[in-house]
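**Q** Fold the following, please.
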Amino acid sequence: MKFRPLGRRLVIKAEEEKKEETTKSGIILANSALTKSLKEYIVLKVSDKIDDISENDTVIISEYNRKPVLLEGIKCFIINYDEVLGVK
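**A** Coordinates of the predicted model:
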């Protein structure tokens, strides 16, 4: 990817999610029923000013209504470094 984030920003994409999950009793939960307030994302690009997060790291951030950006055919998000809660 040629795009380079400026400042203290990251380019991330959502990790692949399971389509559904089955409980012990056999009830199938749709993905919409499994949504949580925290979500995992894969880091695609990191600005030069960030040294403790690398490309391909998995980061956990708070989930809220984000607007995706299409970069080189990939649906991704540009976030500030301060939004990252942790690296997995």
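
**Q** Where does pLDDT dip in the chain?
**A** Counting by pLDDT under 70, the low-confidence segments of the chain come to 16-20, 30-37.

**Q** which residues of it fall in strands?
**A** 9-14, 20-22, 28-30, 38-46, 58-62, 69-71, 74-80, 84-87 (DSSP state E).

**Q** what's the spacing between the nearest residue to residue 40 once chain neighbours are set aside and residue 42?
**A** Spatial nearest neighbour of residue 40, chain neighbours left out: residue 15 (4.7 Å); criterion: C-beta to C-beta, 6 or more residues apart in numbering. Just so you know, the C-beta spots here come from the backbone N, C-alpha and C atoms, and that holds for glycine as well. Using C-beta to C-beta, to the nearest Å, one gets 6 Å for the distance from residue 15 to residue 42.

**Q** Looking at the two, which is more packed in?
**A** residue 42 (16 against 12; other C-beta atoms under 10 Å).
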